[in-house]
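Asker: curious how this folds, go ahead:
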Amino acid sequence: MAHSKSAAKRLRQSVKHRMFNRMRKSRVKTSENTLNEKIKAGDKAAVTELLAKCYSELDKAAKVGTIHSNKANRKKQRLALRAAKMA
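Answerer: Take a look at the predicted model:
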């Protein structure tokens, strides 16, 4: 339990930030999994659309610091390679 007003506020903020970070990471994982399913199915039209959506989710997560920007770039590169191999 926090002993001061500022510590109590930091506790409230950290709980809120943790919730938002978990939400963003979940969105990224969901979009990656959906993209991987479409790649396995061989649906080229859906893959190009989902690849852009996945890029957007990764960029948003990296912009606010949920994940590191290099990690986002690495994931985008690997997804692009996987999509290119399918085509």
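Asker: what's the biggest helix in the protein, counting residues?
Answerer: helix 5-41 (DSSP state H).
Asker: now stretch 29-42: buried residues?
Answerer: Neighbour counts over stretch 29-42 (16 or more other C-beta atoms under 10 Å) mark 31-32, 35-36, 38-39 as buried. Every C-beta, even on glycine, is put in place using the N, C-alpha and C of the backbone.
Asker: so where's the protein shaky on pLDDT?
Answerer: Scanning the chain with the threshold set as pLDDT under 70 gives 87.
Asker: ok, for the spatially most central residue of it, nearest residue in space, not its chain neighbours?
Answerer: Using C-alpha atoms, centre = their mean, the residue of the chain that lies closest to the mean C-alpha position is Val28, 2.8 Å off. Excluding its sequence neighbours, the residue lying closest to Val28 (C-beta to C-beta, 6 or more residues apart in numbering) is Glu57, at 4.9 Å.
Asker: I figured that neighbour hits Ser31, correct?
Answerer: Yes - in this structure, Glu57 is within contact of Ser31 by C-beta atoms under 8 Å, at 4.9 Å.
Asker: for His68, give its distance to Val47.
Answerer: 26 Å (C-beta to C-beta, to the nearest Å).
Asker: an error on my part: the question was meant for Arg18.
Answerer: The value you get for Arg18 to Val47, if C-beta to C-beta is used, is 33 Å.
Asker: show me what contacts Ala46?
Answerer: Lys38 (C-beta atoms under 8 Å, 6 or more residues apart in numbering).
Asker: again, only using 10 Å
Answerer: Contacts of Ala46 were listed using C-beta atoms under 10 Å, 6 or more residues apart in numbering, and they are 34-35, 37-39.
Asker: same check on Lys25?
Answerer: 57, 61, 66-67.
Asker: show me which of the residues you listed are buried.
Answerer: 57, 61, 66-67.
Asker: tell me how far the host helix or strand of Glu57 is from the chain's mean position?
Answerer: Applying DSSP states H and E as the criterion places Glu57 in helix 44-63. Averaging C-alpha positions (C-alpha atoms, centre = their mean, to the nearest Å) puts helix 44-63 9 Å from its chain's average.
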